Structures are given as structure tokens and as C-alpha cells.
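S.K.: The following comprises the amino acid sequence and a computationally predicted model.
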There are 2 protein chains.
Amino acid sequence: MPIRPPYLLFLGDGDQAKTATGVAYWRPELCAGQLRMPGGSVDLNLPDLSPEQAAARGVKTLLIGVAPHGGQLPEAWTALIVEALQAGLDVAAGLHTRIAGVAEIASAAKAHGRTLFDVRHPDRNFAVASGKRRPGRRLLTVGTDCEVGKMFTALALERELRRRGRDADFRATGQTGIFIAGRGVSVDAVVSDFVAGAAEWLSPANEPDHWDLIEGQGSIFHPAYAGVTLSLIHGSQPDALVLCHDASRRRVVGYEDYPIQPFAVCIDENTRAARLTNPDARLIGMSVNTSTLGSAEASAYLAELEDDLKLPCVDPVRTGVGRLADLLEAWT
Amino acid sequence: MPIRPPYLLFLGDGDQAKTATGVAYWRPELCAGQLRMPGGSVDLNLPDLSPEQAAARGVKTLLIGVAPHGGQLPEAWTALIVEALQAGLDVAAGLHTRIAGVAEIASAAKAHGRTLFDVRHPDRNFAVASGKRRPGRRLLTVGTDCEVGKMFTALALERELRRRGRDADFRATGQTGIFIAGRGVSVDAVVSDFVAGAAEWLSPANEPDHWDLIEGQGSIFHPAYAGVTLSLIHGSQPDALVLCHDASRRRVVGYEDYPIQPFAVCIDENTRAARLTNPDARLIGMSVNTSTLGSAEASAYLAELEDDLKLPCVDPVRTGVGRLADLLEAWT
């Protein structure tokens, strides 16, 4: 069951709210307001609304994307979630602890007939992957590390293909992506035996010229998460891969002993992994976050990369993903 | 908390009981009796004991390794488990459904102060893998497919090294292995983000000349389970890999579109995967189940393989694993 828009975005009490920021960036038309806590410094320039005010304006769901300090749900947050349920809103959370596991919240949801979404916790069982080929075209973003633009690139490609009148769907595999798409599977929370099966379920058989743009996770060179990445590659059976990177990244975040692998190695290994379940898979280009570089520097970086790899290399913010979309439109 | 021996082995009502057979084969000294159901044709030549008789002989735990037809726990099995708890036995099960989730069983365990082990369901949380090198030596068995002798080979190496007076521990990653070792982690049931972390936990830092012999799972060429395998490889940080195979296997079981990969490819890809977290990892030989071949044929098969690969190739039943153990003893 998809999460129902429009949304009221909860921004918490800290100095960032990445998930809400992502939802507001990619789906401004679904964001009716923001809900800030005392002490918080994030402002997405949306109307400040209480749950009651939001409900009166037709909001359907309160989105909780920001995690509290220390992990435990503070009493004030619980009270606010209960208030939202009483006002008639559903509540969708992407926290490690399930809001549905908090007795007060669960009973308020029941009493008011509201739905709770704990998007980090899959609400269904998945079959073991079949490995069988299925129709429809699929692109998966892969990365040199975590947080290098895999979600952003898949969303940018969805937007670009739809702008061109093409049939395309972003497929979300993490909490922010799920809030943006209103549905998806947080694959890193799936029991390991079923991750490839979950990926098959997430990007099912489709029309021959339909593109699924699947949000990648982790990296096949990540010492903790490579298995998740590999299962996602195998289950997605991608026709096309795009390698995402952050131009400032030298080492795997949080793993100082692990350098970012050379791009040629990344391309080779990801392609080889994908070919197990789709022998025609190919890596079509790179998508690089060059935000730490100046404009001229970024252009030179992308040009040099392109010269080295003989593949289109874009920055989805600076150059857009049009050249990658061209390849998908012309796919044979 | 380890499962306490000696064991009473439940053999079910079918014509095989692979888990119990494995436990009786590898740990005969821990198996005090068997418990058969009407209609079952398995006989492990152990004394037939009721739970009461077993308790009187000092048995501590009833092992349920065999799954009922259809998946649901039949009433007769529930009654028997309750009887065992009443008799003072703990109960360890390797079923997909948790016995601790059956109200009658849970309340009997509580009433009699007994412990229930659902070995397919991890009873603890694991940290995300650190990727940090740790002392001690580790061998991981990898395979060309599922069910090709990975557990058997690791156990055979443990037995052989211990026979030689070496410090070595089998590390179990699946239900039968856990019953045999009395502890372990069913890695395929761990949430995907934490599988490499679970593998780090399972084979912790140890004395420099101590060998952990880690039971592999799946195969990195398996369309459904490769991610589990890769996480296990990364978290185990193996110094040595042994490639296991069944000489009669041509295709991945249950996946007719997926041929078994050439051995050279298997060796290359598994070694490369292992070198992410342990740059010194090497594949030291093959362990092949040749039981479908005649004796002369098996010898010729192993000799030819060895000639091709320039690595020792053994059958743990026919030739023993002595030549692989030699390499581990001489490890530098």
C-alpha cells in the first residue's frame, strides 16, 4: 500500500533533515507543509503547519525522516505522532526503531483508523529470487561508495525520461527514496536470503520499452554492505548500469583502510556481477557529484574522465543526465 | 549460549533426516538416542528413547532438525516438544517457523524453566562489519553451488587439524552446522546489512596460529544467494579458501538456466572477492564430492583436476583432507 500524499514533513530538532530535504527537492508538489521542533534549524520554506492545520488543508501523511539524537524516540516526538494520528493523518517513519512498536502510537493508530508505515522495516515477505529473465528495461545505479548520488541519479533519469514522454519509474530501495516514491523496499533491512528476491519483486516484468530506474545501495567494494549491493544487482537484472561517484571521495566513508577503487575496476566488476543474471548488461556512463569543485574544475574533471573511460560522464546537477537519457531512449 | 549436549535426535516421520544424520555422523559422542515418529523410515542406529527415558540418561536437549511436510508444525510434534520440556529437556529447532512462537511450547518452556533454541533465527543483533583486520587464521569453504560439501569439508579440516594437535574450531553458519557445533549463526537469516558483521563476530580475533574453519554458504554465482556468500567472504576475512564441488553437478540446483561456472573462474572470482578485506587471501585447493563416481573414475577425476589447476584436489570421504591440512599446518 503506497504512502498517501500530500505530506507534512517533520524536520526534527537538529541542523539537518536529509530525508525531508530530499522529498521536498524531488516531490515539491506533494509537500504541503513542514513541522519544526524547538531548537531545530532546518527550514524548507514550506508553510509551518500543526497536524490539525495540515489535516484541514488535505494533508494525508506525516513523514518522519529524521532520527532523534541517541536513537530513542523522545516523549515529545511520540506526543506529536499521536497528535497527528488524532488529527486524521497517517504517519510514515524511516527510523531504525519501529514507531508501530511504541504502544501509545500503535493504540492511537488503531483508535483513529490510521496507517503506520515503518519504511525501514519491510512489511511483507519476499520469495527467494527466481533468476528468470523478465521483460521491460531496467537501469540500476551503482556506486564507488555509499552516499555518492545513486538515488539522485535514478530520480534525475526518471524525471528526464518522463519529460521526454517516455514510460519510466523510479524504484526506491532506501528510506528517502521510499518517501519520494511513496513505495519501495528498504533492501538493507531484508533478511539476506531474500534480498535478490525483493529486488525482483521491486522491478517486475513490464512493457518492453518501459524503463525502471532502480536506486542502488552501497557498493560491491564496501567491506560491510557489498553483499546487499550484489543481491540488488542480481535481482534487478539491469540492462544498464550507471556508476555514481563523489569527486571529493578518496576512501570509503567510515572505513579509512579502504580506498575508493579505480573507476575501470568498478566498471569491470559491476558489469561482471550484473552479467550473471543479465548477460547483456552494460555500464553506460558515470554520474559524478562535483559540488566540491569550482565550475571550470568540474568541467575539466568530467572531460578528463570521459576521455579516460570513453563513456559519457555527467553531473546530474551541473550538466543534467540528458546524455545518459539519450542512450536509454535509443536502447536496442 | 551454546546448545547443551548430550542430544536426543528427533527423526520425524519422513524418509530422510539430513540434519540429524549430519549431527550423528560428526558428533556421535554427543548423540544419546533417537526419537522416531510413526511412518518414519530413518534409523540412525541409536537407542530409541522417549523424552523421559532420555532425560533419565542425562540427555540435555532434544534436536528438531527435520521440517514437517507443508511447513506447519503438526499437533503431534507440538505435543512431543511439550513432553520433552516437561521431562526437563531444552529443545533446539532449525525450522523456518520459530518453535518459540508456538504458544503451547513457549508456555511449557517457561513453566519448566527450559531453553528454546530456534537456530535458523538469530537471537542477537550484530554490528555492521568494521572491515578491520584481526589476528588468528581463518579458512572459509566456498562452493560452485549450494550443497556441495562446504560444511563437510570445514568439519573434516577441524577433525584433521585437531587430530594433529592443532588449535582449530569449526564455525557454523547453517542449521546443521549449528547443531553440530552447539553454536553459530544462520547467516542467511540475518538482515542483509549485518551479515558481514555477523561473520566478523562468528570468527573473532584469536591466537596467531589458531585456525577457524568457517562453513561457507551458497556461491558467488548463485542468482539468489550470492549476496549472502559475498558478505560471508568479506566478514570472514579468510586467509585460505577451499573450493567445494559435487562432481555430478552441471547446473545450479533449482536454476536450470545457470550452469556451474568453470573452476578457474570460481577460483579467480572468490579469491578476488576475499582480497577486498584480506589482501593475502588465497585459494589453496578443491574438495570434491565424487560419490557418484566409481573408485577408479574418482581417482582419475581428481588427478585430472589437480593437473589442470595445479592445486591439491581431494574428496573428504575418499581421500581425506590431509593434503589441505598440510598446507594449513605449514602456513606462513
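M.R.: Thanks, I have the structure now.
S.K.: For A:Val253, give me its contacts.
M.R.: Shown in contact with A:Val253 (C-beta atoms under 8 Å, 6 or more residues apart in numbering or on different chains): A:145-147. The way it works is simple: take the backbone N, C-alpha and C, and place the C-beta from them, glycine included.
S.K.: interface residues of chain A facing chain B?
M.R.: Counting by C-beta under 8 Å from any C-beta of the partner chain, chain A comes close to chain B at A:128-133, A:187-193, A:195-197, A:220-221, A:223-232, A:234, A:255, A:257-258, A:276-277.
S.K.: Which other helices and strands does the helix or strand hosting A:Leu157 contact?
M.R.: Here A:Leu157 sits within helix A:150-163, counting by DSSP states H and E. In terms of contacts (3 or more C-beta pairs under 8 Å, 6 or more residues apart in numbering or on different chains; DSSP states H and E), helix A:150-163 is packed against helix A:18-26, strand A:137-143, strand A:168-171, helix A:175-181, strand A:211-214, strand A:240-246, strand A:282-289, helix A:322-329.
S.K.: Would you convert the ones you listed into a markdown table that also reports mean neighbour count and distance to B:Ala168?
M.R.: Formatted as a markdown table, the helices and strands packed on helix A:150-163 follow (neighbours: other C-beta atoms under 10 Å in any protein chain shown; distance: least, C-beta to C-beta, whole Å):
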| stretch | mean neighbour count | distance to B:Ala168 |
| --- | --- | --- |
| helix A:18-26 | 20 | 47 |
| strand A:137-143 | 27 | 38 |
| strand A:168-171 | 22 | 46 |
| helix A:175-181 | 26 | 43 |
| strand A:211-214 | 27 | 43 |
| strand A:240-246 | 25 | 42 |
| strand A:282-289 | 22 | 43 |
| helix A:322-329 | 18 | 52 |
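S.K.: which residues of the stretch 201-332 of chain A fall in strands?
M.R.: A:211-214, A:240-246, A:251-252, A:255-259, A:282-289, A:313-314 (DSSP state E, counting those that start in this stretch).
S.K.: Within the sheet, what are the partner strands of the second one, with directions?
M.R.: Paired neighbours of strand A:240-246 in the sheet (DSSP bridges): strand A:137-143 (parallel), strand A:282-289 (parallel).
S.K.: what does stretch A:22-36 rub up against?
M.R.: With contacts defined as C-beta under 8 Å, 6+ apart, stretch A:22-36 is touched by A:5-11, A:20, A:42-44, A:46-51, A:53-54, A:57-59, A:62-63, A:65, A:80, A:151, A:155, A:159, A:176, A:179-180.
S.K.: what ranges of chain A fall below the confidence cut-off?
M.R.: Nowhere does chain A drop to pLDDT under 70.
S.K.: Do a quick rundown of the helices in it.
M.R.: With DSSP state H as the criterion, chain A has helices at A:18-26, A:51-56, A:75-86, A:103-111, A:150-163, A:175-181, A:195-202, A:226-236, A:263-275, A:295-309, A:322-329.
S.K.: which one of these lies closest to A:Ser248?
M.R.: helix A:295-309 (10.6 Å; C-beta to C-beta).
S.K.: Taking helix A:263-275 as reference, get the angle to that closest one.
M.R.: 60 degrees (axes from the mean of the first three to the mean of the last three C-alpha atoms, to 10 degrees).
S.K.: dump the residue contacts of the residue in chain A sticking out farthest from the centre.
M.R.: For chain A, the residue at maximal distance from the C-alpha centroid (C-alpha atoms, centre = their mean) is A:Ala111, at 32.1 Å. By C-beta under 8 Å, 6+ apart, the residues touching A:Ala111 are A:Leu85.
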